[in-house]
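Peer 1: Based on what follows, work out the 3D shape:
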Amino acid sequence: MKLRLSKSLPVAAAQAGFSIATAYRIEQDQRLPSQKKEQPRGRRRPDPLADIFDSEVVPLLQAAPGIRPVAIFDELSRRHEDLSRGVRRTLERRIRAWRALHGQEREVVFRQVHEAGHMGLSDFTEMGDLVVTVAGVPLEHCLYHFRLACSGFEHAHVILGGESFVALAEGLQSALWILGGAPREHRSDSLSAAFRNLDRVARDDLTTRYDALCAHYLMHPSRNNRGVAHENGTIESAHGHLKSAIGDALLLRGGTEFADLQAYRCFVDEIVSRKNARNAKRIDAERALLQPLPPARSCDYEETYVYVTSSGGFTLRKVFYTVPSRLIGHRLRVRLYDDRLDLLLGATQLMTLERGRGGANGKHGHVVDYHHVIHALRRKPMALLRLVYRDQLFPREAYRLTFEFLREQLPERAACKAMVELLSLAHDRACEGQLATILADDLANKRLPDNNALLARFAPDPARLPEVCVQLASLSAYEVLVESAVGVEA
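Peer 2: From the prediction side, this is the model:
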């Protein structure tokens, strides 16, 4: 206003640092903002919902409190054909304001103070979005995820068979032994997938085993309410961060293909270790307040018994497993883990088999080792033609493709005999991988494999190796050496 006394309005406004329009407004009304009484601004256009909001929308909101605004808009559009599509946002804002004043009370999330050494949490999360492949095959898996509520220590374990007590027991115990202690409380969800489709006896059995597992580590078991995910939020939110970290690491790696399952598990362990390294000080501080571990781990497997049939194997949970034929007729004890089976005859452990899974459509799966049945196929090569688990019998893809090529080029009997001879060669000469490479090259050149040339290439035949006899020295010769050593000392 001082500049306006000696200068024109545009010049005074420019020197004061505001627009000409503001200068005109100030000149017309020189009162301070605090001296002005604000008048509520009225509507500049007619309210399109004036006739229908109180009469139609409010009754809908009262009758169905959870209804979505878009559903109400669709209903209004059906009732009033002249209602503009541009009213939708106005309706949504009006409904939100009405619910803030007249709506139902909403659930309140109470933030908790986490005491060091008090609570650890477990949960499972699906990993299908990452499309990880192992040896060219998509890996259907999930992650068991453990986390300490206070310090944020994390452990992740790749699970192949979905949620189960075995997966929980194996992952939880691995986490506790890596951590070096146990919290006083273990929180999990209801493990609905682990208890689904089970009768009451089976559910009670799983509950008893879970309680025994927690008692072994002196942990109090607790569960959040079914369907209330935020009660387990300390680990639910960590799922997203862990999956994002794994996804970013896969992008930096340049691919999601892994040579074997162990390589992928090492990859996940490395990602989790990096996250724990960032919280190393807090984890070390909480580790000192954890309970000491028991002298040994608890049982992290299910145990059952199977009979080996004349088919050279046994069926367990819709999966057929082959074993050496000398076990036909025996009753085996099976320890069932998430990714493997341990077979025992009495107290003697015989072998470990990879655990198979049944098909999604209810079909039986097969875990077949051609070493177990090749001796019988030599006597009955035509059995290969319509064998139930024929595709699973071939150890590599090159063998399966070779058999298809042999069937196209040779009669069925000759094709089966030639394929059995190739499998026998891989078994006897321990050249499965090298032979697969040669077969793949023959397929690329549309050439039948030459069994005689292959026998010569992978010679010698172990059955024709000379027998080496080692003549052991007499023990009396050592007495002479002892006596001479005593004489020298004397």
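
Peer 1: Could you list the low-pLDDT ranges of the stretch 351-490 of the chain?
Peer 2: Across the stretch 351-490 of the chain, the ranges flagged by pLDDT under 70 are 360, 461-463, 465, 485-490.

Peer 1: Hmm, I typed the wrong one, I wanted the stretch 1-150 of the chain.
Peer 2: 38-39.

Peer 1: Strands of that one, residue ranges please.
Peer 2: 119-126, 133-134, 137-138, 142-148 (DSSP state E, counting those that start in this stretch).

Peer 1: Turn those strands into CSV, including distance to residue 289 and mean neighbour count.
Peer 2: From N, CA and C alone the C-beta is placed, and that goes for glycine too. Listed next are these as CSV, based on distance: least, Cβ to Cβ, whole Å; neighbours: other Cβ atoms under 10 Å:
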stretch, distance to residue 289, mean neighbour count
strand 119-126, 12, 21
strand 133-134, 39, 16
strand 137-138, 43, 9
strand 142-148, 10, 24
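
Peer 1: can these go into JSON lines with extra columns for distance to residue 452?
Peer 2: Output for these, formatted as JSON lines (distance: least, Cβ to Cβ, whole Å):
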{"stretch": "strand 119-126", "distance to residue 452": "52"}
{"stretch": "strand 133-134", "distance to residue 452": "37"}
{"stretch": "strand 137-138", "distance to residue 452": "34"}
{"stretch": "strand 142-148", "distance to residue 452": "50"}
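
Peer 1: what's the closest of these to residue 42?
Peer 2: Among these, the nearest to residue 42 by Cβ to Cβ is strand 119-126 (53.3 Å).

Peer 1: Residues touching the closest one, excluding its own?
Peer 2: 142-150, 159, 162-163, 167-168, 171-172, 175, 182-189, 193, 219, 232, 234-236, 239, 242-243 (Cβ atoms under 8 Å, 6 or more residues apart in numbering).

Peer 1: ok, how many other residues are close to residue 258?
Peer 2: Number of residues near residue 258 (other Cβ atoms under 10 Å) recorded here: 20.

Peer 1: brain fart, residue 34
Peer 2: 5.

Peer 1: and if you look at residue 262?
Peer 2: Using other Cβ under 10 Å: residue 262 sits among 11 other residues.

Peer 1: Can you flag the buried ones in the contacts of strand 119-126?
Peer 2: 142-150, 159, 162-163, 167-168, 171-172, 175, 182-189, 219, 232, 234-236, 239, 242-243 (16 or more other Cβ atoms under 10 Å).

Peer 1: Go through the residues you listed and flag which are in strands.
Peer 2: 142-148, 159, 185-188 (DSSP state E).

Peer 1: Mind picking the two most distant members of these?
Peer 2: 142 and 185 (24.0 Å).

Peer 1: Residue ranges of each domain in this protein, please.
Peer 2: Annotated domains of the chain cover 3-32, 53-102, 119-287, 302-367, 370-464 [automatic domain parsing].

Peer 1: Tabulate those (TSV), appending distance to residue 481.
Peer 2: Formatted as TSV, those follow (distance: least, Cβ to Cβ, whole Å):
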stretch	distance to residue 481
domain 3-32	110
domain 53-102	95
domain 119-287	49
domain 302-367	40
domain 370-464	38
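
Peer 1: Ok, which of the ones you listed comes nearest residue 47?
Peer 2: Here domain 53-102 is closest among the domains of the chain (Cβ to Cβ), at 8.3 Å.

Peer 1: Can you pull up the most central residue in this structure?
Peer 2: residue 142 (1.7 Å; Cα atoms, centre = their mean).

Peer 1: Quick check: that residue vs residue 23, distance?
Peer 2: Noted for residue 142: a distance of 68 Å to residue 23, by Cβ to Cβ, to the nearest Å.

Peer 1: could you pull out the strands for the stretch 301-450 of the chain?
Peer 2: Counting by DSSP E, counting those that start in this stretch, residue ranges of the strands within the stretch 301-450 of the chain are 302-307, 313-316, 319-322, 331-336, 340-345, 348-354, 365-367.

Peer 1: As CSV, these with mean neighbour count and distance to residue 261 would be great.
Peer 2: As requested, these are exported to CSV (neighbours: other Cβ atoms under 10 Å; distance: least, Cβ to Cβ, whole Å):
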stretch, mean neighbour count, distance to residue 261
strand 302-307, 13, 21
strand 313-316, 21, 20
strand 319-322, 22, 17
strand 331-336, 17, 18
strand 340-345, 17, 11
strand 348-354, 13, 9
strand 365-367, 18, 14
